[in-house]
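Novice: Below are the sequence and a predicted model; questions follow.
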Amino acid sequence: MGRTITIEPVTRIEGHAKITLHLDARGQISDARFHVVEYRGFETFCEGHPFTEMAGITARICGICPVSHLLAAAKTGDKLLAVQVPEAARQLRRLLNLAQICQSHALSFFHLSSPDFLLGWESDPARRNVFGLMASDPDLARAGIRLRQFGQQLIEQLAGRKIHAAWAVPGGVRSPLSAATQAWILASLPEAKATVALALDLYKRLLDGPLAREQRSFGDFPSLFMALVGPAGRWECSDGLLRIVDSEGTIVADGLSEDDYADFLGEAVESWSYLKFPYYKPLGYPDGLYRVGPLARLNVCDQIGTPWADAELAEFRAGSGPAGRSGPAGRRPVVTSSFAYHHARLVEIVACLEGIEQLAGDQSLMQGRIRAHASLNANEAVGVSEAPRGTLFHHYRVDDNGLITRVNLIIATGQNNLAMNRTVAQIAREWIPGPVGPDADIPEPLLNRVEAGIRCFDPCLSCSTHAAGAMPLQIQLLAADGTVLAERLRP
Amino acid sequence: MSVLTLWVDGAAVAVPAGASLLEASRAANVEVPTLCHLDGLAPVGACRLCLVEVDLPGDGSPTRLVPACSTAAGEGLVVRTATVQLQRFRRMAVELLFAEGNHVCAFCVANGACELQDAAVAVGMDHSRFPFQYPRRHVDASHPHFVIDHHRCILCTRCVRVCDEIEGAHVWDVANRGSHCQIIAGLDQPWGTVEACTSCGKCVDVCPTGALAHNDDTTAEKRAARERPALLRSARERQRWHNQGGPP
């Protein structure tokens, strides 16, 4: 008799979720579902509000990456005004996003994920967290927390507050880079760089050894990858055009504008989750599975454009563990294991720190025009930004007075939804290799790894369902007929 | 000019006849919270935040609750401005204002420059004990420069008064009754179509909340100029403009 395993709630992620593992009649894992069980309805309650308020409203979707929504909303606003944003403002927005990606990745790596592999998969779950890390390696934990603080404080210095700053506005930004912030950045960078160097060193040493099995079984499958790239295929986080590559390194589509997203991205809905399932339209649902976020950004770009980050990118591609594949001659090597999201995050922190250093030295960000003013000149626009977790789309329609009539938000975590489901299924097959009897329990190693597999994607469910709170983990084992055979809850 | 003497919170104060209890309180250096009141505009006593307790001299009648802004000072009155009961009433008034509309400071244009927000802090309100009504209201963004968001309107009628008394255009009125009350432009036309509107922006200047704003204002960007009516009225009454033939 088949059954389903449910993990609910999933811990150390941002949002509410549960996982069900579905068994077939022979007791083998047939499917896994990552259920997002929260609903917020931002798209609906934005209707009727002026588009100028969208940056302020949508930033409130998330306390971790409000900057992403702020930037996507501001960029959508630019297009509704039909203005050219002053160059200094574009660069200031980029500086803000680099600071955010740095702080969010530091949070994901040090606070949320590293306890799994630094403290051990089977260590006491009550201590397998950032507090456990503080007890076992206080210097590393402190450095990680301070790295996140660096990003957060940079956001505060630029934009007035760490969370929910409303500094990016349609047409540009509100204030230039101050001399004090510039001096603060330059003084703070050495410590931040030393921390990420330490983390990279620590992580890379684990790759071929203790993490080899996870690297192989945590969502290592062929898929498409999508991200923004800049001129010359440079790694990009705020401007540029979309590129899609496959796991062989072939560029499937390039130079795609966010304006046309509906032509190449579809959104499927499943009755068991509030999170939609975006897919690449030409391949249909669910074959059009694609991944976004740090792993995708490093897979689609030709280069990062700064020396240390490019060196780390090469090392990442050559050997993010045994799963790192060299592509066919002439094609880019593509890393396909979802476990490599962790490594990709560290490489991106390097990219962010080097990018921040470059921009901090740019005197043009300290004066001159930073905001274009205009009245409404378009009724529909799409804005895009690279959130820490991946590509974020905002699509607004407004009436002739600039009041919102329709909003569609396509969130990074949503775009990784199919990949997260497939990752959980792969982990379940790896850690429950044989048939499961009707009275079998959910094994502890599986519980630990299923959670960790989801965490690779650093999913932000608050954003993706456009909901809130600290979440425990629920996992259910379901029979083929849907009966709950086993259930475990980790508070 | 005759002078009245009264008591405000135990202190004797002398004010010219015709002064309000609010002016008498200020003369006694006592700050009474206000919201609908604005210097330079006629008082209406709409918000009830400036309620004070008044005892008439010697008649033994019960204490009366009156709005300080629209009650004239009288000889020998005993005024109390900050009793425990008054503080409770004021907090209740502010809570009711929050519960009645849709006041979301987080993304409001007036966040940080909002008199309702300041009033909430002043009366010590940290939550509303009354259920939020979440009324379905709308935003009128038809004006080329300004926008009125009825979700944020507290019906103080400052806009109505400044447009009528200072600008002389009388674009604004109050329509309907009870919870259906709302500010309307041009006898309930889209604001952008009202010919009487001179687009002077005084209504935006005086609005205590984010209900009236410039249409390119984003979160916390509203620029208010609430001192303007008093300056304009004073300049007009004293004939400060050279083409009025007053003193240079």
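Specialist: Okay, I see it. Residues are numbered from 1 along each chain as shown, chains lettered A, B, ... in the order given.
Novice: which one is A:G437 nearest to, not counting chain neighbours?
Specialist: Spatial nearest neighbour of A:G437, chain neighbours left out: A:G27 (6.5 Å); criterion: Cβ to Cβ, 6 or more residues apart in numbering or on different chains. Using the backbone N, CA and C atoms, a C-beta is placed for each residue, glycine as well.
Novice: Could you do A:F457 as well?
Specialist: A:N416 (4.8 Å).
Novice: And A:A351, by the same measure?
Specialist: Per Cβ to Cβ, 6+ apart, closest to A:A351 is A:A309, 4.0 Å.
Novice: isn't there a helix covering that neighbour?
Specialist: Yes - counting by DSSP: H, G, I helix; E, B strand; the rest coil, A:A309 falls inside a helix.
Novice: can you count the residues close to it?
Specialist: Neighbourhood size, A:A309 [other Cβ atoms under 10 Å in any protein chain shown]: 23.
Novice: cool, and the one 5 residues further on?
Specialist: Using other Cβ under 10 Å, A:A314 is surrounded by 14 other residues.
Novice: residue contacts, the residue nearest to A:A351?
Specialist: A:235, A:347, A:350-351, A:354 (Cβ atoms under 8 Å, 6 or more residues apart in numbering or on different chains).
Novice: now it: how far from A:I411?
Specialist: 26 Å (Cβ to Cβ, to the nearest Å).
Novice: can I see the domain layout of chain B?
Specialist: Chain B breaks down by automatic domain parsing into domains covering B:3-82, B:89-237.
Novice: Whatever residue of the stretch 1-150 of chain A ends up closest to chain B: which element?
Specialist: Residue nearest to chain B within the stretch 1-150 of chain A: A:G56 (3.1 Å; Cβ to the nearest Cβ). For A:G56, the element it lies in under DSSP states H and E is helix A:54-59.
Novice: Identify the residues contacting that helix?
Specialist: Here helix A:54-59 makes contact (Cβ under 8 Å, 6+ apart) with A:42, A:46, A:49, A:66-67, A:69-70, A:72-74, A:76-77, A:164-166, A:168-170, A:394, A:396, A:404, A:407, A:409, B:106-108, B:218-220.
Novice: go again using 7 Å as the cut-off
Specialist: Residues outside helix A:54-59 that contact it (Cβ atoms under 7 Å, 6 or more residues apart in numbering or on different chains) are A:42, A:46, A:49, A:66, A:69-70, A:73-74, A:77, A:164, A:166, A:168-169, A:394, A:396, A:404, B:106-107, B:218-219.
Novice: Buried subset of those residues as a PyMOL selection?
Specialist: PyMOL command restricting the contacts of helix A:54-59 to the buried ones, with burial defined by 16 or more other Cβ atoms under 10 Å in any protein chain shown:
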select buried, (chain A and resi 42+46+49+66+69+70+73+74+77+164+166+168+169+394+396+404) or (chain B and resi 107+218+219)
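Novice: Inside helices: which ones of the contacts of helix A:54-59?
Specialist: A:42, A:66, A:69-70, A:73-74, A:77 (DSSP state H).
Novice: want to throw those into JSON lines with distance to A:E430 and pLDDT?
Specialist: Output for the ones in helices among the contacts of helix A:54-59, formatted as JSON lines (distance: Cβ to Cβ, whole Å; pLDDT from 0 to 100):
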{"residue": "A:F42", "distance to A:E430": "37", "pLDDT": "81"}
{"residue": "A:P66", "distance to A:E430": "36", "pLDDT": "88"}
{"residue": "A:H69", "distance to A:E430": "36", "pLDDT": "92"}
{"residue": "A:L70", "distance to A:E430": "40", "pLDDT": "94"}
{"residue": "A:A73", "distance to A:E430": "41", "pLDDT": "96"}
{"residue": "A:A74", "distance to A:E430": "43", "pLDDT": "96"}
{"residue": "A:G77", "distance to A:E430": "46", "pLDDT": "97"}
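Novice: what about chain B, any weak spots by pLDDT?
Specialist: B:1, B:59, B:244-248 (pLDDT under 70).
Novice: Now do the strands in it.
Specialist: B:3-8, B:11-16, B:51-55, B:64-67, B:78-80, B:139-140, B:146-149, B:172-175, B:182-185, B:212-214 (DSSP state E).
Novice: Out of those, flag the one nearest A:I304.
Specialist: Closest to A:I304 of the strands of chain B, according to Cβ to Cβ: strand B:212-214, at 41.4 Å.
Novice: from the middle of its chain, how far away would that closest one be?
Specialist: Offset of strand B:212-214 from its chain centre (Cα atoms, centre = their mean, to the nearest Å): 16 Å.
Novice: Quick one: list the elements packing against that strand.
Specialist: Other helices and strands packing on strand B:212-214, by 3 or more Cβ pairs under 7 Å, 6 or more residues apart in numbering or on different chains; DSSP states H and E, are strand B:146-149, helix B:202-206.
Novice: burial of residue 231, as a residue count?
Specialist: Looking at chain A here, since you left the chain open. 10.
Novice: think we crossed wires, I meant chain B
Specialist: B:L231: 14 neighbours (other Cβ under 10 Å).
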